[in-house]
Every structure is written in structure tokens, then in C-alpha cells.
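In: Got a predicted structure plus its sequence, pasted below:
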Amino acid sequence: MAHLDRIRAVFRSSLNLAPDAEVDGLAYRAIPQWDSLAHMTLVAALEDEFDIMIDTDDVLDLSSFDKAVALLEKHGVVTAG
Amino acid sequence: MIPFLHPGARLIDGLTGRELAGDALVREIHAAAERMFALPPGLMLSVMPADARSVIRYLAALLSRRPIALLDPGIRGEALLDLVNRFTPAIVAGPPPAAATPDGYRTGSETYWIRAGAPPHHPELGVLLATSGSTGNPKLVRLSRPAVAANARAVAQALGLTPGDLWPTTLSLHYTYGLTTLNAHLAAGGGVLVTGHSLLDREFWELSDSHGATSLAAVPYHFEILARLRFDAADHPKLRMITQAGGRLSEQRIADFARRMAVTGGHLVKMYGMTEAPRMSVLAPERLADKIGSVGTAIPGGALSIDDGEVVYEGPNVMMGYAECGADLARGDDLCGVIRTGDLGHLDDDGFLYLDGRIRRIGKVFGVRVNLDDVERMLAGRGLPVAVVGGDDRLVVWAEGLDRAGCAETARELAAGLRTHPSGIDVRGIGALPLLPTGKIDYRTLENMP
């Protein structure tokens, strides 16, 4: 589960949320903190944290916490089990 | 009639896909104006999200000669209340749902707050825009209807807009660059696709491509988004133009996007403007290669000059002046078409304008203007000596003796206070702020710190 916690940590710092904020289930623009600026920061931070390249389609599809998890699974970052 | 609306102009509601073109758009505006006529006379404050209803309300206000102030859709309740107290508008359209109706107002249909007895206004007063959205008590810029019309026509001409053009709303419409782009397209008989989606939404690109968008209007951070999306003009065959304004963009980035657009015969157009004079110059795309650092030449009807290093603009689209309270709405033209911009600049032998910095303490974060002195005042309560300078599309805050954690904390708090993202704010600790012999902070030295 360590990877999931790392994703949560990236979300909290990129979206400027409190260290204990609940981020599972968040969706793009559902909260004021997750705007287009924060989205850019989030994408870059996920790339840095997991050393991956996120392509155009995935930047546009990365519209929720769950989709971020799914994207990282696709990139071989294990998040469960 | 609305002073600049071309009879063929089109408005497409991105939400429903409904298109209002030509007579149908005019009829809709007239119907909205008639409903507005039934309400007490005076200023209208209108919260301005990117939706078709808000655009029609704005055009109806122009038609019915009612001054309209366009406000940030994210405006906080207390900021709106401050404006209501200072300006006593006759109508407040689209207040935040949670906000309580202020004293003296009744609630009407269409979620309006309404009151009689609004102060009188100048007969030509058309549009009011806030000078800065987030700090202090914003002054409102007073634009006359003829100025709004002159601006729309001049920009349409300078950009070569035609009835075939279609702009998807990439910018907020309460923002001078966004409003200008809307007006210019309507003046040219082109179309505007009104969408609340951003460049980072798949829906934005699907809508834009399916309706055949021909231009994007962008501020510097949009180019970072487009670069991140690996923007390729060939994916959007109808797109022929990207305009750039709202702050300095590196020459490298400009050249990069000019090349990306050229792949399909399109181009990049640099522009320069401010809320007080919505557009002042445009760089013709065929001159981009040899004048890449310039913001171009004056728009049709305008003139640029330099006085003691400061850029001075004269033209029919200059504001009448500022308004700080309801009584100011009756004021006439304080500026007579001439504005000192507060920007330092020079003109080359061909009359192309180059910007060299700012006189006034104004910075930009993500294209939005921020008064640096206001930011210093916001931070003054923390008891630390601070100095704020403007960087490229961000603020740099120098704080004496602040450690790393303190810097991060300050950036986060300031971002929340300014309603922007912390990545636009760089807070740095410094042993001691550099001072001039006069004892004042040496901002020039701070600006040049690596």
C-alpha cells in the first residue's frame, strides 16, 4: 500500500491540501484547489515521484484520484496486493 | 442596437450545443433587454461565468444602455458585498448561492438581487472591470460603450477576423483579454463557443474541434499547458491562430509555438493591453520572425509613444477613468483618450514597441495582475520584513530570516489569500533585505537576484 500512500501524498502537496486531507475519490474541478494550475503541478509531480512520462491523452484523462491510480498501474507502479 | 455586434455574429452554448446565429441571437438579446428594462435603472453587477446566458445578459445590458460590471465567477461573498456597499448597484446578477441577500435588496427571478434608488451614471458608461481580482478593494475601470465598440472593431481588424472565425472561450470573460476576444469575434460576425471547460478538459478539445474553432487566446501559463499536452496544430485542422497576451512569454516559447502553428499555415499573434485600455498593440504575424521581442504596433485608431521611458497610449478605446464608489459612476471622461501605462518601453525605428519592465509595482501571476504593495501589506501582519517583486508570471517574496518550512507555509497561505496556486508564488528567505541609500528597499537588486 506504500505506493497508494505516495500517490495520496502527491495529491495533497500538488493540490495544496492539509497533510491529513482525504483524497481518495477526488475529481478534477470538484474542489476549488484542483484547478487547471494545480492539475499541471499534479501531472509533473506524479511524473517526478514515479519517474514516468504521462502522455497527452493521459493528462486529459487524469480527472480523478481513481484514474491516477489506474494510470500508475498501467505504468507498472504496483498499488495493491 | 449594440454598438459593435455584427448582424451575422454567432454564439454557441457549449453546454447544450445550441447555436444562436444572426437574427436569432439579436432576438434573444432583445428579449433579455426587455426583461431588464422592467427593473430599476442603475448599475448591474454581473457575476460572469463562461456560459451563454451570462454573455446574452452582458450584451442585453449594452443594448439597454445599462452599465454592467463583470465579476469573477469565483468572487467571495464578502468581496461581492464590499462592491455592493460601495456602488449600490440596481441589480446583482448571479450572486453565490450561499450569500444572503443584502439589506435594501429584494430577490427577483433569475437569482437577481434588486433595489431601487441606485446612483445615477454617465450616459455613455458601458462596462466596468475590476483592476485586480484578489487583493484589497479593487477599483473598477470605467469603459464607455464607444470605447468598447472601438476596441472590438480595431482588434477584429488587426487580427483579420472574419465571419468564418470561431473562438472557444479559453479565458475568463470578466478578464479584459477574454472580453476583448469575445467582442472582437462578435464585431467581425464570427462565432464564440462559450464553454466553461479548460484546455485540460478533453471536452474542450472535442467541442472545439467539432465546431471548427479557428483560434485560441492564451496567456503564458496556457502555453505551458499546451506544451505539456504536446500541442500539434495538425490535430486541429481549422485552427489558424493563437493569440498571446497577459504577460511576458519567452522568445523561445513564442518561436516554438509559431513553428507549431506554421505546420498547418497558422500563426501566433502577440498582443499588448491592459484593463484600462483593453488592447493597445498587435504584432502582425508576418513580422514575428524579425520582431520577436516586440509586442507590435498600435492597433488601428491608436497611437503609441514613449514619455520619459514610460509607454503612453492614445486611442478611442482608453477608459474614462476609475470608479471607487457609486458617485464616481456619474463622472465623465477623466483621461480624454490618453493613458500612461506604467510600463517602461521603447519604440524601434519601425515603430514597434518593446516592453522593458514596469514603473508601477504590479506583478502578474498566471496572467492575472497583482498589486505588489497590496501583497506586502497582506504579509505585514506576520511581523517579518518582506519585499515582493514580480518575476515571469509569478511573485517572488523575499522574507528576512524565514526558514524553508516558513517559506512553504507562507507560499501556501498567500496562494489561498490570492486565490491562486502556490506554484505561482516563490517565497525565499534572505538574511537582510537590500536597501537603497534612502533606506528604502532596493527592489531592482531583488529583481535581478538569480
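Out: Cool, the structure landed.

In: contact partners of stretch B:233-249?
Out: Outside of stretch B:233-249, the residues within contact range by CB atoms under 8 Å, 6 or more residues apart in numbering or on different chains are B:159, B:166, B:177, B:181, B:205, B:208-209, B:212-220, B:223, B:254, B:257, B:260-261, B:263-273, B:279, B:285, B:355, B:364, B:367, B:392-393. C-beta here means a position set from N, CA and C on the backbone, and glycine is covered the same way.

In: which of the residues you listed come close to chain A?
Out: Residues of the contacts of stretch B:233-249 in contact with chain A (CB under 8 Å from any CB of the partner chain): B:Trp205.

In: out of the contacts of stretch B:233-249, which are inside helices?
Out: B:Leu159, B:Tyr177, B:Thr181, B:Trp205, B:Ser208, B:Asp209, B:Pro220, B:Phe223, B:Ile254, B:Phe257, B:Arg260, B:Met261 (DSSP state H).

In: From B:His222, how far out is the residue of chain A found nearest chain B?
Out: In chain A, the residue that lies nearest chain B is A:Leu37 (3.8 Å; CB to the nearest CB). A:Leu37 sits 11 Å away from B:His222, taking CB to CB, to the nearest Å as the criterion.

In: what's the burial count for the residue of the stretch 1-150 of chain B found nearest chain A?
Out: Nearest residue of the stretch 1-150 of chain B to chain A, counting by CB to the nearest CB: B:Gly74, 7.3 Å away. Look at B:Gly74: counted by other CB atoms under 10 Å in any protein chain shown, it has 16 neighbours.

In: Other residues contacting stretch B:267-275?
Out: Contact with stretch B:267-275 is made by B:129-131, B:141, B:155, B:159, B:176-177, B:180, B:240-245, B:249, B:254, B:257-258, B:261, B:279-285, B:288, B:294-296, B:319, B:341, B:353, B:355, B:369, as judged by CB under 8 Å, 6+ apart.

In: what about the closest residue to chain A within chain B, how many neighbours?
Out: Closest to chain A within chain B is B:His421: 3.8 Å, counting by CB to the nearest CB. Counted with other CB under 10 Å, residues neighbouring B:His421 total 24.

In: thought it was touching B:Ala415?
Out: Yes - in this structure, B:His421 is within contact of B:Ala415 by CB atoms under 8 Å, at 6.0 Å.

In: Quickly list what's touching both of those two.
Out: A:Asn16.

In: remind me which residues of chain B are low pLDDT?
Out: Within chain B, the set of residues satisfying pLDDT under 70 comprises B:132-136, B:360, B:438.

In: can I see the domain layout of it?
Out: Domain segmentation of chain B under automatic domain parsing yields B:10-357, B:362-447.

In: Show me which residues of chain A are close to chain B?
Out: By CB under 8 Å from any CB, the residues of chain A that approach chain B are A:16, A:28, A:32, A:35-41, A:43, A:55-56, A:59-61.

In: Of all pairs in the residues you listed, which one spans the longest distance?
Out: Farthest pair in those (CB to CB) is A:Pro32 and A:Asp55. Separation: 27.5 Å.

In: what's B:Gln244 sitting at in phi/psi?
Out: Dihedral pair for B:Gln244: phi -130, psi 130, per degrees, to the nearest 10.

In: mind listing what the residue of the stretch 1-150 of chain B closest to chain A touches?
Out: Here B:Gly74 is in contact with A:Pro32, B:Arg419 (criterion: CB under 8 Å, 6+ apart).

In: Might you report the residue contacts of residue 64?
Out: Using chain A here. So A:Ser64 contacts A:Gly25, A:Leu26, A:Ala27, A:Tyr28 (CB under 8 Å, 6+ apart).

In: nope, chain B please
Out: B:Ser64 makes contact with B:Ala33, B:Met36, B:Phe37, according to CB under 8 Å, 6+ apart.

In: likewise B:Ala416?
Out: Counted by CB under 8 Å, 6+ apart, B:Ala416 has contacts A:Asn16.

In: shaky segments in chain A?
Out: Using pLDDT under 70, the flagged stretches of chain A are A:1, A:78-81.

In: run the last query once more with 90
Out: Within chain A, the stretches with pLDDT under 90 are A:1-3, A:16-20, A:29-38, A:40-41, A:53, A:55-57, A:60-61, A:74-81.

In: in it, which spans are helices?
Out: A:2-14, A:36-50, A:56-61, A:65-74.

In: ok, of the ones in helices among the contacts of stretch B:233-249, which come out buried?
Out: Buried by 16 or more other CB atoms under 10 Å in any protein chain shown: B:Leu159, B:Tyr177, B:Thr181, B:Trp205, B:Ser208, B:Pro220, B:Phe223, B:Ile254, B:Phe257, B:Arg260, B:Met261, out of those.

In: of all these, which comes closest to B:Gly326?
Out: Closest to B:Gly326, out of all of those and judged by CB to CB, is B:Tyr177, at 27.5 Å.

In: Not counting sequence-adjacent ones, nearest residue to that closest one?
Out: Leaving aside its sequence neighbours, B:Tyr177 sits nearest to B:Ala245 (CB to CB, 6 or more residues apart in numbering or on different chains; 5.2 Å).

In: ok, how many other residues are close to the one you found?
Out: Number of residues near B:Ala245 (other CB under 10 Å) recorded here: 26.

In: B:Arg428 now?
Out: Counted with other CB under 10 Å, the neighbours of B:Arg428 add up to 15.

In: Mind telling me what element it is part of?
Out: Element membership for B:Arg428, per DSSP states H and E: strand B:425-430.

In: just checking, next helix/strand downstream of that strand?
Out: Counting by DSSP H and E, what follows strand B:425-430 is helix B:443-447.

In: what separates stretch B:298-311 from the chain centre, distance-wise?
Out: Here stretch B:298-311 is found 20 Å from its chain centre; the criterion is CA atoms, centre = their mean, to the nearest Å.

In: what's the span of that stretch, first residue to last?
Out: This stretch, stretch B:298-311, spans 11 Å end to end (CA to CA, to the nearest Å).

In: can you pull the buried residues of it?
Out: B:Ala298, B:Ile299, B:Gly302, B:Leu304, B:Glu310, B:Val311.

In: With stretch B:144-159 instead?
Out: Residues of stretch B:144-159 classed as buried: B:144-145, B:147-159 (neighbour count, 16+ other CB under 10 Å).

In: Next to chain A, which bits of chain B? Give me the list.
Out: B:74, B:198-202, B:205, B:221, B:224-225, B:228-230, B:366, B:412, B:415-416, B:420-424.

In: and whichever helix or strand B:Asp373 is part of, what does it pack onto?
Out: For B:Asp373, the host element (DSSP H and E) is helix B:372-380. Contacts defined by 3 or more CB pairs under 8 Å, 6 or more residues apart in numbering or on different chains; DSSP states H and E place helix B:372-380 against strand B:362-365, strand B:386-391, strand B:394-400, helix B:404-418.
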